[in-house]
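Novice: Provided below for reference: sequence and predicted model.
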Amino acid sequence: MDKHTKPAVAARRLAHAALARRIADERAMRSWSLAELSQRSGVSRAMLSKVERSEASPTATVLMRIAAAFETTLADLLSEKASAPRHLSRDEQPTWMDPASGYRRRQIYLSASLPLELVEVVLPPGAAISAPASAYALIRQVLWVLEGKVVIDEGGTHCARDWR
């Protein structure tokens, strides 16, 4: 490991542990058992237990299911609670990566007082992300593709566009 890799690995571990604590805290705040969160999210108790103990890295799909069960957004689940919007430098902006697909998500802006968030998502070529419909119950999205091709399948209706 070189001098640049060690800090990045350490930062990912800290973020992973913070996410695990956040999920456990959200569940405890509601007085839910693992079984209840499992039933509400559609994620197995075993996976939820591993996530809360930082023994497994949840995929984007799993996190979206957990966020929907908590009736919150993925951004809220991944971010620290803040009472006022903060303008963070690029290095301070929270980043999360899906271990299965390589989907990388950077929270550029999030405000507790405004129903607005700005997120940069980078998908590796060929990556596929499956999001449950419940993940969109609390948000509206605008997709700005800078390059590549995106295929959106919404209930069997396909929309594809190549931005090359």
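Specialist: Looks like it came in fine.
Novice: so Met64 touches Ala137, yeah?
Specialist: No - with contact defined as CB atoms under 8 Å, Met64 does not count as touching Ala137 (10.6 Å). The way it works is simple: take the backbone N, C-alpha and C, and place the C-beta from them, glycine included.
Novice: So for those two, which sits in the more crowded spot?
Specialist: Higher neighbour count among Met64 and Ala137: Met64, with 22 against 11, using other CB atoms under 10 Å.
Novice: Tell me which residues touch the nearest residue to the more buried one once chain neighbours are set aside, please.
Specialist: Of all residues not flanking Met64 in the chain, Ala135 sits nearest, at 3.8 Å (CB to CB, 6 or more residues apart in numbering). Residues in contact with Ala135, defined by CB atoms under 8 Å, 6 or more residues apart in numbering, are Met64, Arg65, Ala67, Ala68, Leu74.
Novice: how near is Ala135 to Ala46?
Specialist: Using CB to CB, to the nearest Å, Ala135 is found at 22 Å from Ala46.
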